[in-house]
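Enquirer: Need the 3D shape of this:
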Amino acid sequence: MHRCFPVVPLLAVLALAACATDDVVAPVKTVKAPSFSVSVGENPKYIVSLNGSSIPVGFAARVNSLGGTVTSAHPGAGYAVVSGLTEDAASALAASGFGDVEPDVVVALEAPVGAIRADASDIGTASAAPDASDIGTPSIDSQENPATADSVNRQWNMRLINAPAAWAAHKLGSSTVTVAILDTGIDYDLPDLNGLVDLSRSKSFMAKFAGRSDNPDTPADESDPVVPADDDILKLGVFAGRHPITDLNGHGTNVATQVSSKAVRFAGVTSKTTLIGVKVLGANGAGTLSTVLDGVVWAADNGADVANMSLGGISSKSGNGHDIGLINRAFNYAKQKGMLIVVSAGNSGIDLKHNGNQYVSYCDAPHVICVSSVGPIAGMSTTSDPLATSDPDEPAFYTNFGKNNVDVAGPGGNADVAHADAAGNLPVTIWPWGPGIASWVWSYCAKQSLIIRRNATDPKKGDLFLTTCYIRRLNNGYVGTSQAAPHVAGLAALLIAENGRGNPQQIKRLIQKSADPINAAYGRGRINVKNALGL
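Expert: Residues are numbered from 1 along each chain as shown. Now for the predicted structure:
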């Protein structure tokens, strides 16, 4: 059962939405990915691939003379981002000899199945529905013993990778190891995360709206209505005092808790690893290439040992060499700083080994761990473990794959798409904790998560509504390679705590070597925490 809650107006532009995303039966989304060819505004930002390894003398002055501003520049990674230029001014800057100049482009999340939201009492052991006062506090044992998490029974994902063996051996990670979550932000004071997120090193790069609708010339071709930038939304009174990395989408919070959690409601792979939020995607799940690049180098420069990037897309290699080169520069810089980057393989169901002219970001970038997704399809008994009723290493219906292109697999969830109806609705299957359409990867629901709906009178614009998570401590379930990747990032954090910092390639080798063998098209194996730690 999934309860609905009343609509309660909070602000002129914000209201509490009823159960818009709570349906237990949901259609499978069209498998697609964003392109690197999407405009991001009337006056878009531009990215300059700088000549040489320093900011050229006179560069900022030249940009200013053309009516623009340098919004960020990184000599180590060899790029700069400028704003305020017209197309003609950008051409003039390119002719000045500082480097190649190209428009910034949109990147966005694309989940294979819509997220589900449920009352805690609907899907697990909680005996009563939480209310606004039910913020939860860690028990003395929860962080030291994640197996005591209130809803750990539905975390098939943690059991699949043998994380409980690490918890039993008190291998819980270390606060001296940092994982950066490059995503939609983090709900940093949720019970499972409160105190784990270092806000002093966390950063939002969402001062400007990014989305496919930020192009007034092609509104009919776009899918995202224009809304205020995250940094502006968070200036509204209902969010007073919140850090800019506050998660207005929910995706980043789910990802973060798979890496590290105090295990009040759900356990993470670790319980003591420090997190930093690096917001590179907004409430609509969209960002730009420049925000991703800025996020990568920020994380590397601010002490992150691992960066998790559960985001990406597909583009043509032809005509996008500038963007691909920028990604390679940033990732090479991160490796030099000793940071391991874990990326999701993507949800387009394609073979990366035979993808021809397609560039899959960021699996095709250097020095990464590219993660595919596996998970059980269905639980057929209300008493049995889902891992015993379906192949737990069944490749997810949506996951990208490719021998020697994907490095390892992680638990990202699965669904019975073979028996979807003509409308794409997935059948409801029975799990030990109740009915559902998928083997979800669960977390607390981000309290400030928003629903964006098109404005009834101006379809180019969007209206914002707070979800029911604002007044109730609900749970969110996600499916995707986005969820598989942070399990690998959590394992990397455990191994760094054991083996020391600054050697990302060694950690990658340990993860691959210790994985349980599966179909080679999905990586060297599915990660095994117990094996990796030698337990």
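
Enquirer: Only C-alpha atoms from now on, for both contacts and neighbour counts.
Expert: Noted.

Enquirer: Show me where the protein has its helices.
Expert: For the chain, the helices defined by DSSP state H occupy 59-65, 87-94, 120-123, 156-160, 163-168, 230-233, 251-259, 289-301, 321-336, 386-389, 481-499, 504-513, 529-532.

Enquirer: rank the ones you listed by mean pLDDT and give me the bottom one.
Expert: Least confidently modelled of those is helix 120-123, at a mean of 47 by mean pLDDT.

Enquirer: I'd like the distance between the residue located most distally from the centre of the chain and Asp88.
Expert: Most distant from the centre of the chain: Ser65, at 38.1 Å, with distances by Cα atoms, centre = their mean. Applying Cα to Cα, to the nearest Å, the value for Ser65 to Asp88 is 13 Å.

Enquirer: With Ile327 instead?
Expert: Note on Ile327: its distance to Asp88, by Cα to Cα, is 25 Å.

Enquirer: what do you get for Ser373?
Expert: Distance from Ser373 to Asp88, by Cα to Cα: 45 Å.

Enquirer: Could you list the low-confidence segments of the protein?
Expert: When residues are selected by pLDDT under 70, those of the chain lie in 1-43, 119-140, 212-223, 312-320, 356-361, 379-386, 389.

Enquirer: Next, name the residue at the spatial heart of it.
Expert: Ser310 (3.7 Å).

Enquirer: and it, what is it in contact with?
Expert: 182-183, 255, 343-344, 481-483, 485-486 (Cα atoms under 8 Å, 6 or more residues apart in numbering).

Enquirer: So what's the residue count around the closest residue to Ala111 other than its chain neighbours?
Expert: Spatial nearest neighbour of Ala111, excluding adjacent residues (Cα to Cα, 6 or more residues apart in numbering): Gly480 at 6.2 Å. Gly480 has 31 neighbouring residues, counting by other Cα atoms under 10 Å.

Enquirer: before we move on, what about Ile47?
Expert: Neighbours of Ile47 (other Cα under 10 Å): 28.

Enquirer: quick one on the thing from earlier: determine which stretch of the helices of the chain is the most buried.
Expert: Across these, the average number of neighbours (mean count of other Cα atoms under 10 Å) peaks for helix 251-259, which reaches a mean of 29.

Enquirer: Not counting its own residues, what contacts that helix?
Expert: Contacts of helix 251-259 (Cα under 8 Å, 6+ apart): 179, 181-188, 192-193, 247, 266-270, 273, 275, 310, 442-446, 476, 478, 482-483, 486-487, 489-491.

Enquirer: Now a PyMOL select for only the buried ones of the residues you listed.
Expert: Restricted to buried positions by 16 or more other Cα atoms under 10 Å, the PyMOL selection for these reads:
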select buried, resi 179+181+182+183+184+185+186+187+188+192+193+247+266+267+268+269+270+273+275+310+442+443+444+445+446+476+478+482+483+486+487+489+490+491
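
Enquirer: returning to that earlier point: separation between the residue farthest from the centre of the chain and Leu248?
Expert: From Ser65 to Leu248 the distance is 37 Å (Cα to Cα).

Enquirer: How about Val259?
Expert: Val259 is 20 Å from Leu248, by Cα to Cα.

Enquirer: re earlier: show me what contacts the closest residue to the residue nearest to the centre of the chain other than its chain neighbours?
Expert: The shortest distance from Ser310 to any non-neighbouring residue, by Cα to Cα, 6+ apart, is to Ser482 (4.4 Å). Going by Cα under 8 Å, 6+ apart, Ser482 touches 255, 309-311, 344, 346, 412.

Enquirer: Domain-wise, how is the chain divided?
Expert: 8-36+107-218+245-532, 46-103 (automatic domain parsing).

Enquirer: Give me the neighbour count for the closest residue to Cys469 other than its chain neighbours.
Expert: Distances taken as Cα to Cα, 6+ apart place Lys447 nearest to Cys469, at 4.8 Å, with adjacent residues excluded. Neighbourhood size, Lys447 [other Cα under 10 Å]: 24.

Enquirer: What values do phi and psi take at Lys447?
Expert: The phi and psi values for Lys447, taken as degrees, to the nearest 10, are phi -60, psi -30.

Enquirer: okay, how far is it across stretch 93-101, tip to tip?
Expert: 7 Å.

Enquirer: How about stretch 511-520?
Expert: 15 Å.

Enquirer: List the buried residues for that stretch?
Expert: 511-518, 520.

Enquirer: okay if I get the residues you listed as JSON lines plus distance to Asp463?
Expert: Below are those laid out as JSON lines (distance: Cα to Cα, whole Å):
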{"residue": "Ile511", "distance to Asp463": "44"}
{"residue": "Gln512", "distance to Asp463": "45"}
{"residue": "Lys513", "distance to Asp463": "49"}
{"residue": "Ser514", "distance to Asp463": "48"}
{"residue": "Ala515", "distance to Asp463": "45"}
{"residue": "Asp516", "distance to Asp463": "47"}
{"residue": "Pro517", "distance to Asp463": "47"}
{"residue": "Ile518", "distance to Asp463": "45"}
{"residue": "Ala520", "distance to Asp463": "45"}
